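Model the following, please.
(3 chains)
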Amino acid sequence: MRLLDDPNRLLPADPATRRVAAALHDTVRDHPIVSPHGHVDPRLVLDDLPFPDPAHLLIVPDHYVLRMLHANGVPLDRLGRGEPVDPREIWREFASRWHLFAGTPVRAWLEETFRSVFGLTEHPDTANADEQYDAVQAWIDAPGSRPRALVESFDIEVLATTDDPVDDLAAHQALRDDPTFSRHVLPTFRPDRFLDPSAPVWRTAVTELEDAGGVDCGTAAGLIRALEARREHFRACGATATDTSTIDPWTVRLEPSELERVHRDALAGTVSPDDAAAYRAHMLWELARMSSEDGLVMQLHPGVVRNHHGGTLARYGADTGHDIPTATTFTQPLRQMLEDFGTHPAFRLVLFTVDETTFSREIAPLAGFYPSVYAGAPWWFLDSPNGIRRFREAVTDSAGFYKTSGFIDDTRAFLSIPARHDVSRRTDAGWLAELVVTGRLGTEEATRIATDLVGVIPRTAFRLPGAPA
Amino acid sequence: MRLLDDPNRLLPADPATRRVAAALHDTVRDHPIVSPHGHVDPRLVLDDLPFPDPAHLLIVPDHYVLRMLHANGVPLDRLGRGEPVDPREIWREFASRWHLFAGTPVRAWLEETFRSVFGLTEHPDTANADEQYDAVQAWIDAPGSRPRALVESFDIEVLATTDDPVDDLAAHQALRDDPTFSRHVLPTFRPDRFLDPSAPVWRTAVTELEDAGGVDCGTAAGLIRALEARREHFRACGATATDTSTIDPWTVRLEPSELERVHRDALAGTVSPDDAAAYRAHMLWELARMSSEDGLVMQLHPGVVRNHHGGTLARYGADTGHDIPTATTFTQPLRQMLEDFGTHPAFRLVLFTVDETTFSREIAPLAGFYPSVYAGAPWWFLDSPNGIRRFREAVTDSAGFYKTSGFIDDTRAFLSIPARHDVSRRTDAGWLAELVVTGRLGTEEATRIATDLVGVIPRTAFRLPGAPA
Amino acid sequence: MRLLDDPNRLLPADPATRRVAAALHDTVRDHPIVSPHGHVDPRLVLDDLPFPDPAHLLIVPDHYVLRMLHANGVPLDRLGRGEPVDPREIWREFASRWHLFAGTPVRAWLEETFRSVFGLTEHPDTANADEQYDAVQAWIDAPGSRPRALVESFDIEVLATTDDPVDDLAAHQALRDDPTFSRHVLPTFRPDRFLDPSAPVWRTAVTELEDAGGVDCGTAAGLIRALEARREHFRACGATATDTSTIDPWTVRLEPSELERVHRDALAGTVSPDDAAAYRAHMLWELARMSSEDGLVMQLHPGVVRNHHGGTLARYGADTGHDIPTATTFTQPLRQMLEDFGTHPAFRLVLFTVDETTFSREIAPLAGFYPSVYAGAPWWFLDSPNGIRRFREAVTDSAGFYKTSGFIDDTRAFLSIPARHDVSRRTDAGWLAELVVTGRLGTEEATRIATDLVGVIPRTAFRLPGAPA
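Next up, the predicted model:
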């Protein structure tokens, strides 16, 4: 079967609406990519080495692909997550199960990558698996396929990474200092492992932070000072944002003495579950407080149960496809944080969710009152044409377009970045076209909004280079 | 930019569906307006004074408009909610930020008001702000712009207001007694401040009720008798309904002795949070019991966290844009109430929600079994073309059309009433047309339903003048 | 009014999409019906007696019809659920209220039954009630209207029933042994009344199980062995699945001694609510454990508050229209079960919900990782064209098509089975056509998926006769 190549793909079916949408998409299709949140390793760009084989380029590291194959009976062993496997065998497993991805966003991203990046014309299948594997390998080996060349050919102007507070950010610094590289690769401060004092990683994290920053973290106040110092380092290296993913977004303010008591218990390994939860909620509040002082934009990604299947975690590690969403609520949990910082001019909070019931019920109403709050684009499980369409319909009523974040690709699958942004641009063009055709928006205004959605809106929400003053 | 004026606005894009929808809309567009729930002050109609300036007509009192401006960085101070501000300055703030409302229902309402009521032709912007301000002021000053003239020209046949139990309803009485005024302005009994005995307003409310009704409220039984007496007064003045908005809809039956104990504690200022919650749930049950006896239709609007931002409340008061929805559930909370009154022939309960997940999950199934329960039209945050469309799709399956309430404008923005009802008529016409074009409904039956939705359905649900016997 | 007879009914309105959808529907419209979950009594097919009168064929036993009439003021007494009522009177009540069903799935099913099965041409109404009653009675009396003839003319290849563990399955056996009957009528093991040791029915159930199986159920271990033995009997009689409906899907593992203690308390009538809940959660875990051993597919239907109105239950019994959905969650509740059996090759779990928020948030992500988990088709309150459409949109992103269950009619309304399956086929054809027209799927692949959705997909999910090895 031939790969699809419909120039009107993802635009509304109604002919009149499609014409308007196609025109809107045309005005933004070639705008540079602004990617304010993702998981590309900065060393990939710095070192500029060729990608590994096709399986390790497209399948093994992409938990979207892995999970669907696993769900349909392919053990992770056969997908290179246990003992090493011949990458050609992994590719064959994938190619023979292409039909499983029908109708999914993964299919759309892969199809565009196969067609536009590799120049292939056929769907993967059992018969062509080896031939396509070789073709992708040949593409990998070509000089124009190195990461820096792709940053240019993909026209990625801003690429935010996700980084541990103790990271020295040497790769980011080196890229900033390189006069031949004009793109922005920005670090993002991700302090998650410092938040839950009952997690096994917490004490290691605290020790590493002491080593990295030279600040005594024997007290909570010390830990907070150390985190502030690292944020300063991140800002100096170009960071404009932080990111935090907790199971829920509760925030509280503990009394200093209470906070210190829990911190001591945690260092002693005797922290109770309730105290740990309170400490985490307080630390979320502290992160908001810091954002209101240093101006780093706070991203919040709550509501995911990480590593749902302990057996898979034990055998194959994290990020193996079994992070599962759960019901989420923001209105009451965020109350203390927003009471204290919600109207602070320097504070900015971008709310993401994997529970789409919160779009119309909580996120849009919060973004529609608090100057600090922005509605984050659909994230994970919802980052599809359908999810983006539902997001716009649910959020526009109360928050409009200008309190949304702009598109977030949130990916470590480097090759999929252009395809993902194009899906978003097409879907937003379709939504704007619906508003035009139903008499709710003029063409001129729709064109301005389509353009703002890929430029001024994400630049403003994330305080990126190029944002209006 | 010129204001949009598409005669097919808000009708489906598909041409065949649009033709059917336009015909359906044509049959109902000029029907009189029945408004069974809203917040217009009856004295506005009684006194028939001119509206104040343009800013205090359209911006300052409308929390939909205020919240969007505030969310985009305009302090409430600059919008006339703190110290007095030159209304022309407020208008300029608004006019320069018209783009923020793109795609929102507020835009649709304002656009129709600007075009149909004021006869303007341009979108507000910085350049035309003063000119449009003057034009609106000139409209205000014209004799045909007085409230009573507008009630006639808008063809508002029934207008329900929202009133405190201690209100003497003199304005309603005067309008009833005026032989030159043939429209129905009906009071609605809103006893919210009597429900939560831990709220600071409760004791004041009880004292005022004693003064108004001459019934000793030192006991819960006395308070209940006093409320019953006030309901009787409301009924005598034309009321057909009550309205209650609590954070959740839990109902319980307390033992009389337990109820009296909590009442005494509350009067003494020593009520515990748990007791207060139980008292409130019992009082909700009592209100249902009263409705089953006096036949006043009970409206329930739960699920809103009022005054989310304490700092804004303290500085600018309530109704300043930071009431935020929260997750809501009805099935278990209403069980005691529906066990006792759900099949009572005189009882009627209209359920509203700001959590649209309850449309298909709870409200439609409850309305699809209990003769007393009606699915209330989309309310706040959901009172948009998209929200109404989702409501119909989610609710029709289990409740059909005849167990829904008909449209509710729920507004204090008097000028927006016709625009809001027209949005609803257009959206319902679109939904009915979809059913016709997909072979689910004949045109003749769709026409009957469209007509019933603006007449017999709200009149029946709210027991309004003109309801079938 | 004439009954509608649009050959394109339920297909998308857009002409291009409709053409694709009609072609897809044409390829599957005459495929045999595979019904893996329903409530038809096997004795209906075995005894092959004529149906009773029209009211007892279409109205009295169908809680979808009853609830809508009841919701609109017809007491169940007048619908034959109390004292016997002349069936012609029941029919008249129904015929005069046909408009109440406008837009509902019940209307679509009945309309197709009236047209295709009875050959009627007019909507029921007051004027034609007696005439249509007589026509349906004449149809009932014809030899071709006997259940077995209908199984053939409806082309029902597989019909799964729902059966109590103590059932001897004699009817199923007799049908298997009948050489003149080539269809599959399969029992389904439904152990619900053995799960909650605090329910009044539990002790009776345990006693009956002891009598039926000859295993001492004085211990939990004995009860578990007895259930295992009955499952073996069900498997021998052709069962491929079990079904369980609990208020929530929590699973835990109790220590054996703890389990036995609760079991003893339950037999003694002294079980506490918390212990009963823990016992139920443990038994759900045991049922999963058994499925992982005997390969019976486990169906889970949580989230329904049964018999919401106690007064109606007391007077008219269960299944009288007042089972009401409630908010449901799967991610945390299923964790213990999926930890232990989620990747077990013999285990299979089909998740159904009446809370559609779980489609994109939990069910699709779980089915998109665990090889054992399948996303069950929309069930009850959601088993409509709109509900099915929303299901596909919400679930396809994370689970594709091949981890869904295929359509489930879940009905005791035998005559509605073909209409229900056709609604599903039309709606799925419409969804696939949308994917084709928006460039996401080729026609060839869409045709294969449409075919798989009515054949290999349900056969695989439920391990039915004809499933691929």
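
Residue A:219: neighbouring residues, count only.
15 (other CB atoms under 10 Å in any protein chain shown). All C-beta spots, glycine's among them, are computed from the backbone N, C-alpha and C.

Am I right that it is in contact with residue A:260?
Yes - between residue A:219 and residue A:260 there is a contact under CB atoms under 8 Å: 5.8 Å.

For the residue lying closest to residue A:388 once chain neighbours are set aside, which three-state class applies?
Nearest residue to residue A:388 in three dimensions, chain neighbours excluded: residue A:427, at 4.3 Å (CB to CB, 6 or more residues apart in numbering or on different chains). Under DSSP: H, G, I helix; E, B strand; the rest coil, residue A:427 falls in the helix class.

okay, residue A:427: pLDDT?
pLDDT, residue A:427: 98.

which residues touch it?
Contacts for residue A:427 (CB atoms under 8 Å, 6 or more residues apart in numbering or on different chains) come out as A:10, A:385, A:388, A:389, A:392.

Let's see that with 6 Å instead.
Contacts for residue A:427 (CB atoms under 6 Å, 6 or more residues apart in numbering or on different chains) come out as A:385, A:388, A:389.

same check, this time on residue A:151
Applying CB under 6 Å, 6+ apart, the residues near residue A:151 are residue A:183.

what number of residues lie near the residue of the stretch 101-250 of chain A at minimum distance from chain C?
Proximity of the stretch 101-250 of chain A to chain C (CB to the nearest CB) peaks at residue A:103, 4.3 Å away. If you count neighbours by other CB under 10 Å, residue A:103 ends up with 27.

likewise residue A:432?
Count around residue A:432 with other CB under 10 Å applied: 30.

Tell me if it really is in a helix.
Yes - applying three-state DSSP, one finds residue A:432 inside a helix.

isn't it right up against residue A:445?
No - taking contacts as CB atoms under 6 Å, residue A:432 lies outside contact range of residue A:445: 9.0 Å.

one step back: and for the residue of the stretch 101-250 of chain A closest to chain C, nearest residue in space, chain neighbours not counted?
residue C:396 (4.3 Å).

Now residue A:256. Its backbone dihedrals?
phi -50, psi -40 (degrees, to the nearest 10).

ok, now residue A:379?
Torsion angles, degrees, to the nearest 10, at residue A:379: phi -130, psi 130.

per-residue confidence for the closest residue to it other than its chain neighbours?
Distance criterion CB to CB, 6+ apart; nearest residue to residue A:379, sequence neighbours excluded, is residue A:352 at 4.4 Å. In the predicted model, residue A:352 carries a pLDDT score of 98.

where's residue A:352 relative to chain C, distance?
14 Å (CB to the nearest CB, to the nearest Å).

re earlier: got the contact list for whichever strand or helix holds the residue nearest to residue A:103?
Using DSSP states H and E, residue C:396 falls within helix C:385-399. Applying CB under 6 Å, 6+ apart, the contact partners of helix C:385-399 are A:103-105, A:381, A:384, A:386, B:393, C:10, C:359-360, C:364-365, C:367-368, C:375, C:378, C:423-424, C:427, C:431.

7 Å instead?
Residues outside helix C:385-399 that contact it (CB atoms under 7 Å, 6 or more residues apart in numbering or on different chains): A:103-105, A:381, A:384, A:386-387, B:393, B:397, C:10, C:105, C:356, C:359-360, C:363-365, C:367-368, C:375, C:377-378, C:404, C:423-424, C:427-428, C:431.

low-confidence ranges in chain A?
Confidence mapping of chain A against pLDDT under 70 gives zero matching residues.

The residue nearest the centre of it: what's it in contact with?
By CA atoms, centre = their mean, chain A has its centre lying nearest to residue A:410, at 2.2 Å. Contacts for residue A:410 were tallied using CB under 7 Å, 6+ apart; they are A:37, A:38, A:379, A:380, A:383.

And the nearest residue to residue A:76 once chain neighbours are set aside, how far from chain C?
In space, and not counting its chain neighbours, residue A:76 is closest to residue A:316: 4.9 Å by CB to CB, 6+ apart. For residue A:316, the distance to chain C equals 11 Å [CB to the nearest CB].

Who are the contact partners of residue A:316?
Listed by CB under 7 Å, 6+ apart, the contact set of residue A:316 reads A:76, A:81, A:82.
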